[in-house]
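*Asks:* Kindly generate the corresponding structure for this input.
(4 chains)
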There are 2 protein chains.
Amino acid sequence: MQSQLILQNLAESIRLDAVETDFFLSLLHEQKLRRREYLLQAGEVCRYQSFVVSGCLKVSYLDPAGSEHVVKFAPENWWAFDLESFALQSGAFYSIQAIEDTEVLKISRANMDLLLDRVPQFEKFNRLMYQTAYIALQRRVTQNLASKADERYQQFQVKYPGLQNRVAQKDIASYLGVTPEFLSSMRRREMLMHF
Amino acid sequence: MQSQLILQNLAESIRLDAVETDFFLSLLHEQKLRRREYLLQAGEVCRYQSFVVSGCLKVSYLDPAGSEHVVKFAPENWWAFDLESFALQSGAFYSIQAIEDTEVLKISRANMDLLLDRVPQFEKFNRLMYQTAYIALQRRVTQNLASKADERYQQFQVKYPGLQNRVAQKDIASYLGVTPEFLSSMRRREMLMHF
DNA sequence: GTAAACTCTTAAGGTAGATTAAGAATCGGG
DNA sequence: CCCGATTCTTAATCTACCTTAAGAGTTTAC
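*Replies:* Numbering: from 1, shown residues only, chains lettered A, B, ... in the order given. Predicted structure coming up:
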């Protein structure tokens, strides 16, 4: 199992000893997804919290009119799950789909509860994850209110460096909240400006 | 002290005995604000978590270009604080201002820590508050992506029933992410449709 | 390996919502 | 109670972004 990246990720917020580390690793499941395969479909209960080891996922919402809105991308070293559905074990609002062949390590709700019980450190990890998620979301809301499409495009490039070359234009457009046609024309204008 | 409403609010998520209730109440501070007075200014550290007993607050963000974006309203029975600033004791991103004469009950960060220590029930209360805040925000993001100004106006009316008559049009416009002029013309269209 | 199905681009025309301006209504301070 | 400052409205003009359409490039499926 490719455990190095996830341990590194944990180490950013908590410190575990060898026994705790092994216990944590024993609770993980490995899963490989092909491009376009779903990790979670809207409506299902989100039973796992997933960490991306390689590849890339997209988290998106299908509105009643049938158009897709990409809410976030999760390339390697990102966590992806429907927080609401995982916490309440209710039907998921979002779908999670692989946009490249992707490998994830995931932990079930039951195992996470076990972990919280046996290794109290994870309370902190969880709390920080919630906090970070909330703060990131808040920032995105206020930025979206305050900036136009081209500024949001720049912010996307800062937040996800290099990802523009791995993700379909239409998905980037959806993330930015514009049509693919408009993104295309923004990109052209941007290129022309460099000559 | 007007403690009835806040106890009722707590009772929605946790159950306290008489001793715990008294201890909780002993940690609260009362504060009265005049219309236009600030409870928190952007940049300050948010030292209190505040509950609105009467009146109404607005939480807003001043973008670099100097225009205001209202993020939420807090009429009676709502909590208001800058979650990020309160949690990390960092400079606040948002300002909180009274838009009517307002009475709040607030608890300091230190007292909240004390409370968490002595009455573990509040761990749950806090976790639920974070969770709810996150979920509400997430809903707002996806709704905003998926709907136009007039639909958002309807959603505002559902979320804050009766508030349209208490809040300035310009603040509602800012909350919806449109100009006051455009809100005005939406309202006119809406009225005309009823004849 | 080729047809069908997506995806990206370009361009023309359309619309939601911004901007500017100016008058009417309302509010707030002395 | 009055005057200045906000706030709300209406209307004209403008712009960011959408829609539709169509051709070129790229994947996918058989």
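*Asks:* Quick one: work out the angle between the lowest-mean-pLDDT helix or strand in chain A and helix B:121-146.
*Replies:* Ranking every helix and strand in chain A by mean pLDDT, DSSP states H and E puts helix A:121-146 at the bottom, with a mean of 85. On the basis of axes from the mean of the first three to the mean of the last three Cα atoms, to 10 degrees, helix A:121-146 is oriented at 30 degrees to helix B:121-146.
*Asks:* and chain A, which residues reach DNA strand C?
*Replies:* Chain A has residues A:168, A:169, A:170, A:180, A:181, A:183, A:184, A:185, A:187, A:188 near DNA strand C, with proximity defined as Cβ under 7 Å from any atom of the strand. C-betas here are computed from N, CA, C, even on glycine.
*Asks:* Neighbour-wise, give me the winner out of these.
*Replies:* Counting neighbours by other Cβ atoms under 10 Å in any protein chain shown, the top entry in the residues of chain A next to DNA strand C is residue A:183, with 20 neighbours.
*Asks:* Can whichever strand or helix holds that one be said to contact chain B?
*Replies:* Per DSSP states H and E: residue A:183 is located in helix A:180-193. No - Helix A:180-193 stays clear of chain B (Cβ under 8 Å from any Cβ of the partner chain), getting no nearer than 14.8 Å.
*Asks:* So which other helices or strands are in contact with that helix?
*Replies:* helix A:149-159, helix A:169-176 (3 or more Cβ pairs under 8 Å, 6 or more residues apart in numbering or on different chains; DSSP states H and E).
*Asks:* Export that helix to CSV, keeping only CA atoms.
*Replies:* What follows is helix A:180-193, C-alpha atoms only, in CSV (Å, rounded to 0.1, in the frame of the first residue of the first chain):
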residue,chain,number,x,y,z
PRO,A,180,-16.6,26.5,-21.9
GLU,A,181,-17.0,29.0,-24.8
PHE,A,182,-16.4,31.9,-22.5
LEU,A,183,-13.4,30.2,-20.8
SER,A,184,-12.0,29.6,-24.3
SER,A,185,-12.3,33.3,-25.2
MET,A,186,-10.7,34.3,-21.9
ARG,A,187,-7.7,32.0,-22.6
ARG,A,188,-7.3,33.5,-26.1
ARG,A,189,-7.4,37.0,-24.7
GLU,A,190,-4.8,36.0,-22.1
MET,A,191,-2.5,34.5,-24.7
LEU,A,192,-2.8,37.5,-27.0
MET,A,193,-1.8,39.8,-24.2
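*Asks:* average model confidence for it?
*Replies:* On average, the pLDDT along helix A:180-193 is 89.
*Asks:* For that helix, what is the distance to the chain centroid?
*Replies:* Relative to the mean C-alpha coordinate of its chain, helix A:180-193 is positioned 26 Å out (Cα atoms, centre = their mean, to the nearest Å).
*Asks:* For it, give me every contacting residue.
*Replies:* Contacts with helix A:180-193, where a contact means Cβ atoms under 8 Å, 6 or more residues apart in numbering or on different chains, come from A:149, A:150, A:153, A:169, A:170, A:172, A:173, A:176, A:178.
*Asks:* quick one, domains of chain A?
*Replies:* Annotated domains of chain A cover A:4-146, A:147-195 [automatic domain parsing].
*Asks:* The helix holding residue A:183 close to DNA strand D?
*Replies:* Yes - interface with DNA strand D: helix A:180-193 contributes A:181, A:182 (Cβ under 7 Å from any atom of the strand).
*Asks:* before we move on, what about stretch A:92-104?
*Replies:* No - using Cβ under 7 Å from any atom of the strand, stretch A:92-104 never reaches DNA strand D; the gap is at least 10.0 Å.
*Asks:* Would you work out how far apart the start and end of that stretch are?
*Replies:* End-to-end distance of stretch A:92-104 (Cα to Cα, to the nearest Å): 19 Å.
*Asks:* how about that stretch, does it reach chain B?
*Replies:* Yes - using Cβ under 8 Å from any Cβ, stretch A:92-104 comes into contact with chain B via residue A:93.
*Asks:* so residue A:111 sits right up against residue A:24, yeah?
*Replies:* No - the criterion here is Cβ atoms under 8 Å, and residue A:111 misses it with residue A:24 at 9.4 Å.
*Asks:* So these two - more neighbours on which side?
*Replies:* Between residue A:111 and residue A:24, counted using other Cβ under 10 Å, the more crowded position is residue A:24 (21 against 17).
*Asks:* Residue A:1 and residue B:65: what is the separation?
*Replies:* Noted for residue A:1: a distance of 49 Å to residue B:65, by Cβ to Cβ, to the nearest Å.
*Asks:* ok, the two, which is more surrounded?
*Replies:* When neighbours are counted by other Cβ under 10 Å, residue A:1 and residue B:65 differ, and residue A:1 comes out ahead with 11 against 7.
*Asks:* Tell me, what's the model's pLDDT at the more buried one?
*Replies:* pLDDT at residue A:1 comes out at 87.
*Asks:* Could you do the one 10 residues further on as well?
*Replies:* Here, the pLDDT recorded for residue A:11 equals 96.
*Asks:* With residue A:109 instead?
*Replies:* 96.
*Asks:* Kindly confirm whether my reading is correct that it touches residue A:89.
*Replies:* Yes - contact between residue A:109 and residue A:89 holds when scored by Cβ under 8 Å: they sit 6.7 Å apart.
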